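**Student:** Requesting a structural model of the entry that follows:
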Amino acid sequence: MKQKTIIEGLIFLAGEEGLTFEQICSALDHPVNDAVVEDLETLKKQYDDPDSGIELTEFSNRYKFITKEAIYPYGQRIFEHAKPASLSQAALETLAIVAYKQPITRVEIEEIRGVNCEVMLKKLQAQGLIEAKDRLDTVGKPLLYTVTDEFLDAFELNTLAELPELPQHDGEEDLFGNEEEE
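**Tutor:** Numbers count the residues shown, from 1 in each chain. Below is the predicted model:
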């Protein structure tokens, strides 16, 4: 079986999770090499064909198959009665704080938001958008929260550097309570 065919099948099997370049090379029992890169580029071109309903894409360093945008109206007919997953205003606020200030503790998030956010953090973790990746080396060893690859994928970002800049207001605190530098 051709290596390109195996790569195609592996990415399909991975589904929404997708695969990293390193995972693909590991599954093939190959060191990282140009042949795998060439096969991925060939697959991208193959699925870029207008007669294909899917495409191979790379988000957050993960390769995955996605449906082409032109398919959306047809898919919408199928799923129009399904309730889309959405985030509440509180969830979006908490998620934004974690994304912009990570790694950050629950107490720091609560100081910025002004409300208890323990339940919201658990909900965002359950949705796979944030994770408690480490502990702060201080009294009580509080958890440090960061966003996940699923967050990057959900917001179609490759890195956090692609997040929009926060609005600046002269002589005021920014959205997260930081004093403005002059």
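
**Student:** Now do V119 against A91, distance only.
**Tutor:** To A91, V119 is 10 Å away according to CB to CB, to the nearest Å. Quick note: C-beta positions are derived from backbone N, CA and C, even for glycine.

**Student:** With V36 instead?
**Tutor:** Taking CB to CB, one finds V36 at 38 Å from A91.

**Student:** Quick check on C117: phi, psi?
**Tutor:** Per-residue torsions, C117: phi -130, psi 20 (degrees, to the nearest 10).

**Student:** Go ahead and confirm it touches T94.
**Tutor:** Yes: counting by CB atoms under 8 Å, C117 sits close enough to T94 to count as a contact (5.4 Å).

**Student:** list residues touching both of the two?
**Tutor:** Listed contacts common to C117 and T94 are I109; contacts here mean CB atoms under 8 Å, 6 or more residues apart in numbering.

**Student:** out of the two, which sits in the busier spot?
**Tutor:** Set side by side, C117 and T94 show more neighbours around T94, with 26 against 23, by other CB atoms under 10 Å.

**Student:** Could you report the pLDDT at the more buried one?
**Tutor:** Model confidence at T94, given as pLDDT, is 94.

**Student:** Now it: which helix or strand?
**Tutor:** helix 89-101 (DSSP states H and E).
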